[in-house]
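In: turn this into a model:
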Amino acid sequence: MTRPLWAPWRLEYIVQADELRGCVFCAEGAGELPEAESLLVHRDEHAAAILNKYPYSSGHLMAAPLRHVGALSELSV
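Out: Numbering: from 1, shown residues only. Model prediction:
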């Protein structure tokens, strides 16, 4: 059985997560966040690479599709 990873720096996000509106991945992918707040590394026509604001390790990078779908199987190239 794996042990949960405790990352106390994420508490800021956890406490206010219910107050957030919309999808942070969609906002980043659409370029809607101010440059000072954006963690966007790269965006193309299908996906975006985004740094994790509350990473488990240094340099944690996420790849997110630009289409908002419920399952990976709904994506196509």
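
In: how near is the closest residue to Leu33 other than its chain neighbours to Leu40?
Out: Nearest non-adjacent residue to Leu33, counting by C-beta to C-beta, 6 or more residues apart in numbering: Ala27, 5.5 Å away. Yep, even glycine has a C-beta here, placed from its N, CA and C like the rest. Per C-beta to C-beta, to the nearest Å, Ala27 is found 10 Å from Leu40.

In: give me the common contacts of these two.
Out: Leu33 (C-beta atoms under 8 Å, 6 or more residues apart in numbering).

In: pLDDT score assigned to the residue nearest to Leu33?
Out: On the pLDDT scale, Ala27 is placed at 84.

In: which of the three states applies to the spatially most central residue of the chain?
Out: Centroid check for the chain by C-alpha atoms, centre = their mean gives Phe25 as the closest residue, at 5.0 Å. Following DSSP: H, G, I helix; E, B strand; the rest coil, Phe25 is assigned to helix.

In: for it, what are its contacts?
Out: With contact set as C-beta under 8 Å, 6+ apart, Phe25 has these partners: 48, 50, 64, 68.

In: so the second one is in which element?
Out: Think Ile50. Using DSSP states H and E, Ile50 sits within strand 47-51.
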